[in-house]
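Asker: Here is a sequence with its predicted model. Questions after.
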Amino acid sequence: MKTIKYIMMLFITSLALNSVAASIEKSIEARQSYMKLYAFNLGIAGDMAKGKSEYNAEQAKNAAKNLLSLAMMNNAAMWPEGSSNQDEEGKGITRAKPALWSTYPEVINKHKNLVTALERFSLLAGDGIESLQKGMKSVGRGCGGCHKQFRAKNK
């Protein structure tokens, strides 16, 4: 009888751990999709700013508004602690460094800087190529605030 109880406890524990792992995997998947949306919209504006595509005020303004909408989204559920998936060598399926979760108040301040840059950018992006280029620099600094400190480099 004790053996059956022990096996049942192991089974229940295993289910709980698998559920946590699945939840973290879903969070990581959502976070990566979220970042792809950022990259898509940054690509539209960035290509115009670099002269790779023709400047289009409406498209620039829409991309900037999309970026601001993404930044304003509550995405806390995408960042559960332990979802860095980084081992001691920084390898894993994400590039998020574990330090992200130990310096959380700093991350919030960096995010506020990004939101401020995107608010300005959404107002300026449709006002000509020079305004778009200037705004892209501020947005790049805003993104870099977290990425330089809390994201591992591609290997």
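Answerer: The structure has been received and is ready for your questions. Numbering: from 1, shown residues only.

Asker: Contacts for stretch 129-147 next, please.
Answerer: Contact with stretch 129-147 is made by 38, 42, 45-46, 48-49, 55, 60, 64, 67, 100, 107, 110-111, 113-118, 120-121, 124-125, as judged by Cβ atoms under 8 Å, 6 or more residues apart in numbering. Using the backbone N, CA and C atoms, a C-beta is placed for each residue, glycine as well.

Asker: Sticking with the residue sitting nearest the centre point of the chain, tell me its helix or strand.
Answerer: Centroid-nearest residue in the chain: Met35, 4.6 Å away (criterion: Cα atoms, centre = their mean). Using DSSP states H and E, Met35 sits in helix 2-49.

Asker: Quick check: what element follows the worst-scoring helix or strand of the chain on mean pLDDT along the chain?
Answerer: Taking mean pLDDT, DSSP states H and E as the measure, helix 2-49 is the helix or strand of the chain with the lowest mean score, a mean of 75. Where DSSP H and E defines the elements, the next helix or strand beyond helix 2-49 is helix 57-72.

Asker: Would you mind pulling the contact partners of that next one?
Answerer: Contacts of helix 57-72 (Cβ under 8 Å, 6+ apart): 34, 37-38, 41-42, 44-45, 48, 111, 114-115, 118-119, 121-122, 124-128, 132, 135, 139.

Asker: just to revisit the earlier point, gap between the residue nearest to the centre of the chain and Ser131?
Answerer: 25 Å (Cβ to Cβ, to the nearest Å).

Asker: So Lys148 versus Gly140, what's the distance?
Answerer: The value you get for Lys148 to Gly140, if Cβ to Cβ is used, is 11 Å.

Asker: and these two? which has more neighbours close in?
Answerer: Gly140 (15 against 11; other Cβ atoms under 10 Å).

Asker: The more buried one in helix, strand or coil?
Answerer: Here Gly140 is recorded as helix under DSSP: H, G, I helix; E, B strand; the rest coil.

Asker: Same question for Lys153.
Answerer: Criterion first, three-state DSSP; result for Lys153: coil.

Asker: If we ignore the residues flanking it in sequence, what's nearest it?
Answerer: Leaving aside its sequence neighbours, Lys153 sits nearest to Arg95 (Cβ to Cβ, 6 or more residues apart in numbering; 7.7 Å).

Asker: Run through the residues that contact that neighbour.
Answerer: Arg151, Ala152, Lys153, Asn154.

Asker: Neighbours of Ile28, how many?
Answerer: Neighbour tally, Ile28, other Cβ under 10 Å: 20.
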